[in-house]
Structures are given as structure tokens and as C-alpha cells.
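S.K.: Sequence plus the predicted model coming up.
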Amino acid sequence: MKTILNDKQLGITIDRLCHQLLENHLRFEDTVLIGLQPRGIYLSDRIHRKLSQLLPGIQIPYGKLDITFYRDDFKSGNELHVPNEMDINFSIEGKKVVLIDDVLYTGRTIRSALDAMLDFGRPSSVELLVLIDRRFSRQLPIQSDYTGRTIDAIITQRVKVLWKEKDGKDEVVLVD
Ligand SMILES: O=P(O)(O)OC[C@H]1O[C@H](OP(=O)(O)OP(=O)(O)O)[C@H](O)[C@@H]1O
Ligand SMILES: O=c1cc[nH]c(=O)[nH]1
């Protein structure tokens, strides 16, 4: 097992991603943040919290999207898919959406998210922010606009993003 980001590096990386978002979205007037269930929301919670500190008095619309019923393998196999909470109480019609997830690998989760998101309106643009981009693993033409760390990993390896509130510590590891 190899550490990709320790807790300090993870904090610095999230701060940097927030500043990159600020550079492009300034006061977030037409921008909404959407975290992907289940594991992207730990990152999106932190990003939303940090941006709210950096922009006091500004309410940035923030929701959580569940893609369970939009997965391209939803109807195949015998696996039982258990949905997570869908929590988007605003329209994304005409908004600039920033989708947030922890890991980008094949790109299938993001494809499903793009599909699921359209139930909430037609955005003017969609960007993707991920903590870890597993390069050379894509099965679809999808890439991130904001990236914490790009890594090369072989197919048998798995990136695990651990969060203090869920897993007891903040760390990103590569598991063989
Ligand atoms: O780009 P992809 O290949 O879709 O992988 C990325 C997704 O994988 C992880 O979720 P999870 O382990 O729940 O997803 P999986 O079961 O699809 O691997 C992670 O939280 C991302 O959402
Ligand atoms: O390495 C990987 C690939 C997909 N999803 C993860 O969380 N990790």
C-alpha cells in the first residue's frame, strides 16, 4: 500500500482546488456545486465549506447527486444496487454546474452523473472536479477540469480515498 496524499497534502490540495474554482467562478453568482454520492460528497462537503469561508455572506447552491439508477450496468448482472440520498433542492437550468467526485477512472460514473443531472434542468455548462485522476484508464471521452493529483496505476491496483469523518483518517492510498 502506498500513500499518494497524506492528511496535510490532502488539505493543501483541497485548498488549491478551491482557489482554482474561485479564479474561474469569482463570486459563484450562476454556479452550483454538485457532489456525487456516495464517496464524492466528503470532498464536496469540504470544498463547499472552504468556499463559504473564502466568500463570507455568499450562499453557494450545493447539492448531492445519486447516480444509482443511471448506471450503465444497472440492469445487468445480479448485483443489488442500493441507492443513496438525492439532495438537490434547486434548479440547475441555465447554471454553471461543477460536478465533484473523489476518483476519475473509467469515466462511467461521470457519464451517469451527466444523465442524472438533466432531471434537474439544462445547465449552461458543466465542469468536473476530481481529487484523483487515474490517467490512461478512461473508457469514455471524459476528463476533469480541476484535478487534485493525476496518477498512473495498473488495472489490479485501486485508489482509496479515506476521510476522517467516515474512515477515521484523511489519506489517499494506492492498494495493490
Ligand atoms: O470513473 P469510474 O470508473 O466510474 O470510477 C470512479 C468512481 O469509483 C468510485 O466509486 P465506486 O467504487 O462506488 O464505483 P465503482 O463501483 O463504479 O468502481 C469513486 O467514488 C468514483 O465515483
Ligand atoms: O482506483 C479506483 C477506481 C475506481 N474507483 C475508485 O475509488 N478507485
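M.R.: Now that the structure is in, tell me what you want to look at. Ligands and ions are numbered 1, 2, ... in the order given.
S.K.: Identify the residues contacting the most centrally placed residue in the chain.
M.R.: Residue closest to the average C-alpha location in the chain (Cα atoms, centre = their mean): D101, at 1.5 Å. Going by Cβ atoms under 8 Å, 6 or more residues apart in numbering, D101 touches G35, L36, R39, G40, L43, T109, I110, A113, L128, L129, V130, L131. No exception for glycine: its C-beta is placed from N, CA and C like everyone else's.
S.K.: List the buried residues in the helix or strand encompassing V159.
M.R.: For V159, the host element (DSSP states H and E) is strand 158-162. Of all the residues in strand 158-162, those buried under the rule 16 or more other Cβ atoms under 10 Å are V159, K160, V161, L162.
S.K.: Of the residues you listed, which pair is most distant in space?
M.R.: Largest separation among the buried residues of strand 158-162 by Cβ to Cβ: V159 and L162, giving 10.5 Å.
S.K.: what helices or strands is the longest helix anywhere in the chain leaning on?
M.R.: Taking DSSP state H as the criterion, the chain has its longest helix at helix 7-25. On a contact count with 3 or more Cβ pairs under 8 Å, 6 or more residues apart in numbering; DSSP states H and E, helix 7-25 meets helix 40-54, strand 96-104, strand 125-134, strand 146-151, strand 171-175.
S.K.: What about N24, how many residues nearby?
M.R.: For N24, the neighbour count with other Cβ atoms under 10 Å is 13.
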